[in-house]
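**Q** pasting a predicted model and its sequence here:
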Amino acid sequence: MTQPDIPATFHGSPPDEDGEPWIAYIRVSTWKEEKISPELQREAISQWARRTGRRIIAWVEDLDVSGRHFKRKITKCIERSEAGEARGVAVWRYSRFGRDRTGNQYWLARLEKAGGDLESATEPVDATTAVGRFQRGMILEFGAYESDRAGEQWRETHEHRKYKLGLPAQGRRRFGYIWHRRRVPDATEPEGFRLQKEWYEVDLAVGPTVADLYRAYVDGAGFSVLCGALNRAGHCTTQGRPWQTETLARFMDSGFAAGLLRVHNPECRCRKADGHCRNRVYIQGAHEELIDFDLWQSYQQRRKEVAATAPRSREGIYELTGLVKCAGCRLGTSLNTARREEGNVPGFSYRCSLRAKSGATACPGILIQRLDVEKEVFEWLKTKAADGIDAAPPTETEPPKHDSTAEQANNITARARAQAEVDKQRQALARLRADRAANPEDFGPGEYEEAADLIRKERATAQALLDSIPEAEPIRDRKEFVPLIVGTVAEWKTLATRERNMMLRKLIRRVAITRNGPGTENHKVEIHPLWEPDPWPTPQRGARNQATER
């Protein structure tokens with residue numbers, strides 16, 4: 001038999017400049033059972049290329065990446081094939097291409113539309129025939145099924161840990177706690193380990209430091225300051241790395257130190273499996289808390305205030321930085337620079353930011369000297385705040401016609417009860433799912449569905465009640481502010497500007513400026529303290545959307 005008569009399958013590898021150009025894609029899964037080494041995949045694809053006379057022009061690797069989404073380098077491979085650089089994409093197995101049904105269909109259709117092919121080095125399929133395409137489709141579908149099955153098992157395990165055991169879904173060490181693992185090495189046991197109850201014990205050496213972090217943040221310290229203090233004291237993260245602002249904020253926002261677990265909202269319908277969905281809820285954990293619930297609520301309140309404040313307004317350059325608002329549009333203000341013959345005067349007066357950007361048609365605006373506003377606020381602090389609270393009668397002789405404070409208190413109580421009922425039903429459904437997964441033989445025909453439907457109805461009723469109650473921030477007792485006001489007034493002259501701003505932020509919600517006429521003098525200064533109900537309630541979402549709808 002001469003050389004031309006030998007079948008192409010048994011031909012040797014052609015020179016590099018010959019043969020069809022292909023791009024090799026290697027993916028190492030996050031799933032333990034699918035962690036196939038990149039070296040093994042590379043060797044299999046190389047043998048496939050030599051066996052079939054193909055030429056690999058690029059090796060693209062995705063290490064420790066899930067196939068349940070297509071935010072991967074495989075998309076770049078397909079785009080290069082669309083550009084004519086390669087004949088197609090070669091993978092070790094079709095499961096390396098992806099395990100998402102929608103993504104598989106979409107990206108495979110794009111590849112084939114451009115004239116490219118997808119081939120597996122270990123699963124020979126002729127996709128040019130109907131039988132081959134069916135076979136490849138079944139392989140991809142089976143990969144998606146395996147992914148769904150593994151995902152369901154992990155989800156049941158995580159729900160059992162969170163809702164029945166009160167433990168984090170993935171365990172791990174937590175700053176301020178000592179983690180007692182369930183599986184402990186033990187040379188005396190035949191298997192080399194023993195099982196025990198998994199739990200988190202308060203680290204008496206580090207726990208008080210965690211509580212101090214929350215107190216310092218509530219008192220006005222930023223994450224950068226707290227990180228510096230932690231690193232100087234020699235504290236590292238659980239990974240042994242220095243603290244950074246993002247890491248510390250993520251840790252404190254988790255609520256673990258308050259005895260809580262932050263979990264993905266079971267009602268959320270998103271398909272994000274990477275933990276990036278922001279729809280989270282807090283549930284009670286089984287570990288001991290390091291801070292009380294009041295401190296946790298104060299921390300959350302300041303986080304909301306900081307998020308709603310422009311970054312440049314978080315550090316007070318002036319006494320009222322971040323506090324002065326225009327009453328016309330209820331938005332922020334900026335400081336204007338006055339031009340004088342002897343030189344410019346920065347921070348001379350407050351003006352409405354909306355009017356400055358959009359003109360008088362957007363808002364009538366304000367323009368008032370900064371020193372006048374600061375003087376008004378200090379006079380209020382001395383007289384109406386300090387003297388008024390000290391001399392306030394314990395009870396009112398005649399109750400007001402509409403007590404907004406009592407109404408807010410009732411709303412807060414009602415919302416707390418409704419939220420507790422929603423959480424109770426949510427956890428009941430999660431426990432029911434975990435019980436069915438662990439002991440399916442305990443449920444007769446239709447018993448699980450009947451119990452689940454009953455829980456869902458009760459949860460829907462509680463959720464409807466919760467949605468009908470307007471949300472209001474917790475009302476703080478006036479007596480809490482008396483020592484702070486008296487001390488601030490007494491030490492006012494000795495305080496620096498930033499310190500004055502920090503103290504005023506703890507007392508004042510905002511300083512509202514109303515324009516009554518032309519000139520800088522015709523303005524009304526109104527102070528909204530934190531111990532009174534907010535006279536500017538947050539607008540309803542529907543009303544806001546309706547106002548901007550076109």
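**A** Sure thing, it's come through. Residues are numbered from 1 along each chain as shown.

**Q** Thr514 is in contact with Glu526, correct?
**A** Yes: using C-beta atoms under 8 Å, Glu526 is in contact with Thr514, at 6.8 Å. (Glycine included, C-beta is placed from N, CA and C.)

**Q** lowest-scoring secondary structure element of the chain by mean pLDDT?
**A** The weakest-scoring helix or strand in the chain, judged by mean pLDDT, DSSP states H and E, is helix 541-548 (a mean of 40).

**Q** what sits in contact with each of Glu526 and Thr514?
**A** Common neighbours of Glu526 and Thr514, using C-beta atoms under 8 Å, 6 or more residues apart in numbering, are Ala327.

**Q** what kind of secondary structure is the closest residue to Gln427 other than its chain neighbours in?
**A** Spatially, and ignoring its direct neighbours in sequence, Gln427 is nearest to Tyr163 (5.1 Å; C-beta to C-beta, 6 or more residues apart in numbering). What DSSP: H, G, I helix; E, B strand; the rest coil gives for Tyr163 is helix.

**Q** okay, Tyr163 and Pro266: tell me how far apart.
**A** Using C-beta to C-beta, to the nearest Å, one gets 9 Å for the distance from Tyr163 to Pro266.

**Q** and for Glu421?
**A** As judged by C-beta to C-beta, Glu421 and Pro266 stand 15 Å apart.

**Q** tell me the secondary structure for the residue nearest the centre of the chain?
**A** What sits nearest the mean C-alpha location of the chain, by C-alpha atoms, centre = their mean, is Arg278, with 4.2 Å. Here Arg278 is coil, with the state taken from three-state DSSP.

**Q** do the one 10 residues further on as well
**A** Secondary structure for Glu288, judged by three-state DSSP, is coil.

**Q** the helices in the stretch 101-250 of the chain, which residues?
**A** Ranges of helices in the stretch 101-250 of the chain, per DSSP state H, counting those that start in this stretch, are 101-113, 130-159, 207-218, 223-232, 245-253.

**Q** list the buried residues of the first one.
**A** The one in question is helix 101-113. Across helix 101-113, burial judged by 16 or more other C-beta atoms under 10 Å covers Gly103, Asn104, Trp107, Leu108, Leu111.

**Q** which residues in the stretch 251-400 of the chain form helices?
**A** Counting by DSSP H, counting those that start in this stretch, one finds helices in the stretch 251-400 of the chain at the ranges 293-307, 353-358, 370-380, 388-390.

**Q** quick revisit: and the residue nearest to Gln427, how far from Gln425?
**A** 12 Å.

**Q** between these two, which is the more surrounded one?
**A** Remark: of Tyr163 and Gln425, Tyr163 carries more neighbours, 23 against 20, as counted by other C-beta atoms under 10 Å.

**Q** tell me if I'm right that that one and Ala430 touch.
**A** Yes: taking contacts as C-beta under 8 Å, Tyr163 lies within contact range of Ala430: 3.8 Å.

**Q** bridged to Val202, which residues?
**A** Counting by DSSP bridges, Val202 forms beta bridges with Tyr177.

**Q** may I ask which helix or strand encompasses the residue nearest to Phe443 when sequence neighbours are not counted?
**A** If the residues on either side of it in the chain are set aside, Phe443 comes closest to Arg436, at 5.8 Å by C-beta to C-beta, 6+ apart. Per DSSP states H and E, Arg436 falls inside helix 404-438.
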